[in-house]
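Visitor: next come a sequence and a model predicted from it.
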Amino acid sequence: MLSGPVINLTVEPERPFLHPYHQTLTMKMFMAQKGSVYVTFEHALDVIQKIDQLTRGIRKIIYLVGWQYEGHDSKYPAWFEVNHRLKRSQDETAGDSLKWLMDEAFKFHTTVSLHINMLDALEDSPLWDTYVANDILAREKDGSLRTYKWGYPISYTREWDTGFAQKRIDALCQMLPLARAGTVHIDAFHSLVPLLGDESYISPYHEIPVEQEIETQKRIFRYWRDQGIDVTSEFATSYRKSAFIGLQPMAWHFHGLDPMQVPASLYCGGKGGDPRFGTSMLGEGIIRKDPQMLAGFLAEFCQTTLPWYYLNCLERLRMDDDGVVHFSDQVTSELDKEGIVVIKQNNVLLRKGDDLFMPALWRDQPEIIAFSQKGYQDRVWKLPADWQTFQQADLFEIGLEGLKLLEENQSINNGEIKLSLKEGQAISILPR
């Protein structure tokens, strides 16, 4: 069995999550930083439409990074100005353009929301003087302001007790339709501030124990949920003494929790964790590097999110002493002697390493996605049991423009189909 710091173990969230994160491709889109714009709001919709084609309409959440002020990590703790460099020419304000994007993205099975931060403060922030005057920033024992790699940390408890945390959240919810999105991503929502070397306090001067700061973080989670908004964050256990199980449904980097004890519907991850249970993709780096062609996106989706989604639709039953994980529907997942992931259903191969032949369970009708990183010729795959009545299938290549017909009326013989895939090719198989 895997080990990890499971705290207040439960199989149900405090309140039902507003999104099924374990069956949602959750990513970030890096839009801008000081001096650079990578994706504007108008271009972002084009990227979202392409991603929807590549992912066959899977449910998605995309958090926008650098949507505010001058871009990524600018002007914290203030959140109250949309980055004007991202504006559409036809809109009066950048805020109008952001609202337009959030509304239009729903057409492509995508919820757009924000990447924010509740720990850091910067000297050029419009709220800097206010937060200093109200003694919200962390301080050393001698009363001097505490700093770390990314700025000046905030004491969650001081901000909460003075009412400024609630004011920040309320103002952002009034400015943008976050309640309709139903989710927000809080970056660096740490309780152990990295690089400070003191795990007892965020602010030694105020002598607020880290355990009390964690209780305040829980209040913050609950306050966001009171507004109709889930909170996801960067980590499950890193830089923390609590994983916030039951409050946080998804971690950007998922480490430190035992997936046999914590079901995916309660807590899942974007990247990291045990590959036998599937790991979803991040996507942010691909979008930032190549927002036009999204080179590498489809391959990563097929190798990560596709099996992750499939396994998350099943119940985790047990793990054998030899490391084989058993799921419902007679599905097993294991690492072979070379460390390659092998997934089978009723002993029928669905995945071996970078060759996959997996049902796209989010589709309304039967569909299988086949992918190969290196390609192959005339490989025979056995079809799932629910395909046994079909005699033929149509094959389509998956691409930025959607599906491109490759072959009609491919024969299905004895429940098997023969495929040939090029290097890095993904195809959709639909029953005739």
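Guide: Received the coordinates, thanks.
Visitor: where do the helices of this protein begin and end?
Guide: Using DSSP state H, the helices of the chain run over residues 41-54, 94-104, 128-133, 156-161, 164-175, 178-181, 210-226, 284-289, 297-300, 306-312.
Visitor: closest to D258 out of these?
Guide: helix 306-312 (15.5 Å; CB to CB). All C-beta spots, glycine's among them, are computed from the backbone N, C-alpha and C.
Visitor: okay, the helices of the chain, which one's buried deepest?
Guide: helix 306-312 (a mean of 25; mean count of other CB atoms under 10 Å).
Visitor: list the helices and strands it packs on?
Guide: strand 341-345, strand 348-352, strand 355-359 (3 or more CB pairs under 8 Å, 6 or more residues apart in numbering; DSSP states H and E).
Visitor: what's the most buried one of the ones you listed?
Guide: Highest mean neighbour count among these (mean count of other CB under 10 Å): strand 355-359, a mean of 22.
Visitor: quick one: average pLDDT of it?
Guide: Per-residue pLDDT over strand 355-359 has a mean of 98.
Visitor: so what's Y152 bridging to?
Guide: With DSSP bridges as the criterion, Y152 is bridged to A121.
Visitor: how about it, what does it touch?
Guide: Counting by CB atoms under 8 Å, 6 or more residues apart in numbering, Y152 touches D120, A121, L122, E123, L137, A138, L145, R146.
Visitor: among these, which one sits closest to T279?
Guide: Taking these together and measuring to T279 by CB to CB, the closest member is D120, at 27.8 Å.
Visitor: chain neighbours aside, what residue packs nearest to that closest one?
Guide: G151 (4.1 Å; CB to CB, 6 or more residues apart in numbering).
Visitor: and for F254?
Guide: Using CB to CB, 6+ apart and skipping the chain neighbours, the partner closest in space to F254 is G269 (2.0 Å).
Visitor: most distant residue from the centre of this protein?
Guide: Ranked by distance from the centre of the chain (CA atoms, centre = their mean), the top residue is D142, with 40.2 Å.
Visitor: which one is that residue nearest to, not counting chain neighbours?
Guide: Y205 (7.5 Å).
Visitor: burial measure for that neighbour, as a count.
Guide: Neighbour count for Y205, taken as other CB atoms under 10 Å: 18.
Visitor: relative to D198, how far out is it?
Guide: Note on Y205: its distance to D198, by CB to CB, to the nearest Å, is 12 Å.
Visitor: quick check: longest strand of this structure.
Guide: strand 402-411 (DSSP state E).
Visitor: give the contact list for T216.
Guide: By CB under 8 Å, 6+ apart, the contact set of T216 is Y156, T157, W160.
Visitor: go ahead and confirm the first one touches Q217.
Guide: Yes: counting by CB atoms under 8 Å, a contact exists between Y156 and Q217, whose distance comes to 5.6 Å.
Visitor: what pLDDT is listed against Q388?
Guide: For Q388, the predicted pLDDT is 86.
Visitor: ok, it - contacts?
Guide: The neighbours of Q388, taking CB under 8 Å, 6+ apart as the test, are G415.
Visitor: next, give phi and psi for it.
Guide: phi -70, psi -20 (degrees, to the nearest 10).
Visitor: from A299, how far off is it?
Guide: From Q388 to A299 the distance is 30 Å (CB to CB).
Visitor: same deal with E338?
Guide: 20 Å.
Visitor: repeat for L400
Guide: L400 is 13 Å from A299, by CB to CB.
Visitor: mutual contacts of these two, please.
Guide: With CB under 8 Å, 6+ apart applied, the contact sets of L400 and A299 do not overlap.
Visitor: so what's K271 up against?
Guide: Shown in contact with K271 (CB under 8 Å, 6+ apart): W252, H253, F254, T279, S280, M281, L282, T304.
Visitor: and if we set it to 10 Å?
Guide: Taking CB atoms under 10 Å, 6 or more residues apart in numbering, we find K271 in contact with A251, W252, H253, F254, H255, T279, S280, M281, L282, G283, E284, T304.
Visitor: filter the residues you listed down to the buried ones.
Guide: Among the contacts of K271, those scoring as buried are A251, W252, H253, F254, T279, S280, M281, L282, G283, E284, T304 (criterion: 16 or more other CB atoms under 10 Å).
Visitor: and the closest residue to S113 other than its chain neighbours, what is it in contact with?
Guide: Using CB to CB, 6+ apart and skipping the chain neighbours, the partner closest in space to S113 is A181 (4.1 Å). Contact partners of A181, counting by CB under 10 Å, 6+ apart, are 18-19, 61, 63, 102, 105-106, 111-114, 228-230.
Visitor: list just the nearest of these to E42.
Guide: E42 lies nearest to A105 out of the contacts of A181, by CB to CB, at 12.2 Å.
Visitor: for L114, see how far away the closest residue to D230 other than its chain neighbours is.
Guide: Ranked by CB to CB, 6+ apart and with sequence neighbours excluded, the top spatial neighbour of D230 is T183, at 4.6 Å. Per CB to CB, T183 is found 9 Å from L114.
Visitor: and what of V184?
Guide: In terms of CB to CB, V184 sits 6 Å off from L114.
Visitor: what do the two both touch?
Guide: Both V184 and L114 are contacted by Y63, L172, L176, L178, under the criterion CB under 10 Å, 6+ apart.
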